[in-house]
Structures are given as C-alpha cells and as structure tokens.
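K.L.:
Quick one, fold the following:
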Amino acid sequence: MNRLYIFSILIALTILVQAQNTRPTVSRGSDRATQQADNTTSELTVRAQIMNEQLTQEVGNARWIRNIIRELDLSKEKNAPLYYPVQEMNGRKNLFTSIFHLLSEGKIRVFEYLRDIESFEDEYILSYKDMLDKFRIYYETVPAGGGRPARYIVNSSDIPSREVDKMYVKEAWYFDQHNSIYDVKTLAICPIARRTMETGEEITEGMFWVKYEDIRPYMQNNPIMTSNVNNAMTYTMDDYFRRRMYDGEIIQTENLMNLPLVKLFDTDEEIAAEQQRIEEELVAFEKALWFEPDSTTITKASNNKKAIKAKTEKAPAVKQEKAPKQPKAAAVPKQSSASSSSTRSVRR
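P.N.:
Just a heads-up that it's a prediction; the model follows:
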C-alpha cells in the first residue's frame, strides 16, 4: 500500500513538472498580456459569411470604372465616428483599433503602403511583427510552445489610434450594364499615422493598405454614434461606408502615369479646381446615364411645351376659315348660267 501511494505521488509530481515546463512565459507584464490576449474579436458565423457574399459588389464586368482615392480628415465632425473613442471604452472602439485587433489575431491580411502604387499581391503582404517594428509600437513576445507560433501582444494603451487622425479611402465608381447599376464601392483603406522622427520632425506616413471586403463582415457588428444630438447607435461602420457618410477630398485618380494631383498641378488653386471638376464629372456621368435633366433643361422643356400647345390650338381655327369657301366655289356656275339667260332675254 505504501509503495502504491508513493508511486501515485511520483506520477502527480511528474505531470505537474511537465505542465510547468510547457507553460508559455512572457518577458514582462504577463497579467497585462494575458488580458490583452483574451480580448479577441468574435468569429464570423455562417450567416455573417453568407451576408458578406451577398453584399459583395462585383465590378470586374463593369463597362465604366473610375478609381479615385480620398483623404479623410478624422478631426472633422462628419468623419468623427471613425476616430472616437480614441481608446476602447465600454466595448466601443474606433476603426483603426478594430483593424489593429483583427490584424493581431491573424484574421485579416494587410499590404505594404507604396507611394506609387496600391498592390494587393502576396509579395507585398506586411506581417504583423514587421508593422510593429516599422512604427515602433511596443509589444510583448509570447514564445512559441505547445505547437503554437510566437505571439506578439500589444496593450490597449500602446495602440497608436490617437496618432492615426487621417485615412485614405480608395473608391471605385462604376456602371454595371448587365444589372443597370451605377454605384460606388469602397475598395481599400489606408490608416495614416503621425510619426516623430529622431530629429524631432513630425511626419505623416501611410501604415498599410487593407481590403475593405476583408474587414466588412466585422464592421457590420461594430455600432457607431453619428450624431451629437441623438446618442442612439443606429448605424454600423459598414453602413457608414456603404452610405458614403464620410467627407473626403480627392487626392488621386487612377491615370496612365499614376500620379497624385499634387504632382500634376503646381498651386493649391489648380488642385482645388481639378477636385471640383472631377466631382462634377462623376455627377454629370450619372445624370447623362439616366437622362436626368437639370433645372435649365426643365425650364426650356416647359417653354417648348407651351409653344407647341399654342400652335396646336391655333391650327383648327385656320381650317374652319377655309371650309366655307368650298361651297361658294361650287355655286359659281349656277350664277353664271342665270346671268347668261337674263342676257339672252334682253337681247331678244
């Protein structure tokens, strides 16, 4: 009995030592790292995946496409729902924090920000760790163990959501002739961060590009408040982009040289005039597509309608004046015969 008891104790101690050795260790702040690791985004349900497929806008077969990039200033009141709250509060988080969490959990892929092109090829995929190192974001490493790869934990206070006060949004204005649809599709988003260099100079730089189709299923479950008067969160971030409730200036259109407006024009006045021209061009294309007349056309059309109506009303009166002349012409021969008979009687 004593041998059996001692043997059981040895087995228990062996199991305890093995469990202790395989437990991952954190360099420091293990409690904070564990709390951050538990703060994960919920997995997509089958229903959410099906809805995402149904809402996907296919622009590959469109006969007319115009790709543009807008710069959103998140300090503006109209774009504020994407920026506030700056830090996660009561389960609410802004757009950049939501994207950051999805990236840290490996649920989405991001691509390098290149100044000349926006490429979504696999060779330009930016890893989570490389992004943290590039922008000097503090993280804690959980070493690989138990069949799991190494993890990099970032505390909520270290997420640079406050520095990301601007964003690029790439849109595709398109006309699908098969479905008779003229719409706008959000293609990708690029957060822009303010960085302080070693020399003390502050610069802004794009962090990465992320496809909107990849983050949209999660944005459907992210409610936002869009009004200071009505505090009810009746919209989601996906509604915000699908309804184009944001406000941003055009900084680039897809062209043969693939140059932004600042490189095509010299002065701010010329850039503003070109931005206005592009906006009017997009609206004019839609009006021409559906033959939507403007106010001047409507006024001209109403005047033409009145003129045609006046001519139509005068036309029957002209015909009535000409009608009585026909019987008079027919009675002329009778009068001439009567006069000839009277003339004969006189001659007699």
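K.L.:
Show the end-to-end separation of stretch 100-120, please.
P.N.:
Start and end residues of stretch 100-120 are separated by 18 Å (C-alpha to C-alpha, to the nearest Å).
K.L.:
What pLDDT is listed against Gln57?
P.N.:
pLDDT, Gln57: 59.
K.L.:
To what extent is Asp268 buried, counted in neighbours?
P.N.:
Other residues within reach of Asp268, judged by other C-beta atoms under 10 Å, total 9. Heads up, the C-betas are built off the backbone N, CA and C, glycines and all.
K.L.:
Can you give me the pLDDT of it?
P.N.:
pLDDT recorded at Asp268 is 94.
K.L.:
So it versus Arg194, what's the distance?
P.N.:
22 Å (C-beta to C-beta, to the nearest Å).
K.L.:
For the longest strand along the chain, which helices and strands make contact with it?
P.N.:
When the chain is parsed with DSSP state E, its longest strand is strand 181-196. Judged by 3 or more C-beta pairs under 8 Å, 6 or more residues apart in numbering; DSSP states H and E, strand 181-196 is in contact with helix 95-104, strand 166-176, strand 202-206, strand 208-211, helix 212-219, helix 268-290.
K.L.:
Can you tell me which of the ones you listed is packed in deepest?
P.N.:
Stretch with highest mean neighbour count among the helices and strands packed on strand 181-196: helix 95-104 (a mean of 22; mean count of other C-beta atoms under 10 Å).
K.L.:
pLDDT (mean, whole number) over that one?
P.N.:
For helix 95-104, the per-residue pLDDT averages 96.
K.L.:
Output the longest strand of the chain in CSV, but only the C-alpha positions, please.
P.N.:
Output in CSV follows, covering the C-alpha atoms of strand 181-196 (Å, rounded to 0.1, in the frame of the first residue of the first chain):
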residue,chain,number,x,y,z
ILE,A,181,-26.4,49.7,-61.6
TYR,A,182,-24.4,52.9,-61.1
ASP,A,183,-22.8,52.7,-57.6
VAL,A,184,-19.7,53.3,-55.6
LYS,A,185,-17.7,50.5,-54.0
THR,A,186,-15.1,51.0,-51.2
LEU,A,187,-12.1,49.1,-52.3
ALA,A,188,-9.4,49.6,-49.6
ILE,A,189,-8.5,51.7,-46.5
CYS,A,190,-5.1,53.0,-45.5
PRO,A,191,-4.5,54.4,-42.0
ILE,A,192,-2.2,57.4,-41.9
ALA,A,193,-0.1,57.9,-38.7
ARG,A,194,1.8,60.9,-37.4
ARG,A,195,5.4,59.9,-36.5
THR,A,196,8.0,61.9,-34.7
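K.L.:
and Ile68, how many neighbours?
P.N.:
Look at Ile68: counted by other C-beta under 10 Å, it has 21 neighbours.
K.L.:
Provide a list of residues in contact with it.
P.N.:
170-171, 173, 250, 252-254, 278 (C-beta atoms under 8 Å, 6 or more residues apart in numbering).
K.L.:
Now do it against Val169, distance only.
P.N.:
In terms of C-beta to C-beta, Ile68 sits 9 Å off from Val169.
K.L.:
And for Lys263?
P.N.:
Lys263 is 20 Å from Val169, by C-beta to C-beta.
K.L.:
and what of Asn228?
P.N.:
Counting by C-beta to C-beta, the gap from Asn228 to Val169 is 23 Å.
K.L.:
Give me the neighbour count for the closest residue to Phe100 other than its chain neighbours.
P.N.:
Take Phe100 and drop its neighbours on the chain: the residue closest to it by C-beta to C-beta, 6 or more residues apart in numbering is Ile159, 5.4 Å away. Residues within reach of Ile159, counting by other C-beta under 10 Å, total 23.
K.L.:
Same check on Tyr83?
P.N.:
Neighbour tally, Tyr83, other C-beta under 10 Å: 21.
K.L.:
what sits against it?
P.N.:
74-75, 94-95, 165.
K.L.:
Let's see that with 7 Å instead.
P.N.:
74, 94, 165 (C-beta atoms under 7 Å, 6 or more residues apart in numbering).
K.L.:
quick one: which of those residues is nearest Tyr152?
P.N.:
Using C-beta to C-beta, Asn94 comes nearest to Tyr152 of these, at 21.3 Å.
K.L.:
From Tyr139, how far off is the closest one?
P.N.:
On the measure of C-beta to C-beta, Asn94 and Tyr139 end up 20 Å apart.
K.L.:
Pick out whichever of the two has more residues nearby.
P.N.:
Asn94 (26 against 19).
K.L.:
Dump the contacts of Ile68 to JSON lines, plus pLDDT and distance to Ala272.
P.N.:
Formatted as JSON lines, the contacts of Ile68 follow (pLDDT from 0 to 100; distance: C-beta to C-beta, whole Å):
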{"residue": "Lys170", "pLDDT": "95", "distance to Ala272": "21"}
{"residue": "Glu171", "pLDDT": "95", "distance to Ala272": "19"}
{"residue": "Trp173", "pLDDT": "93", "distance to Ala272": "20"}
{"residue": "Ile250", "pLDDT": "96", "distance to Ala272": "10"}
{"residue": "Gln252", "pLDDT": "94", "distance to Ala272": "15"}
{"residue": "Thr253", "pLDDT": "93", "distance to Ala272": "15"}
{"residue": "Glu254", "pLDDT": "89", "distance to Ala272": "20"}
{"residue": "Ile278", "pLDDT": "95", "distance to Ala272": "11"}
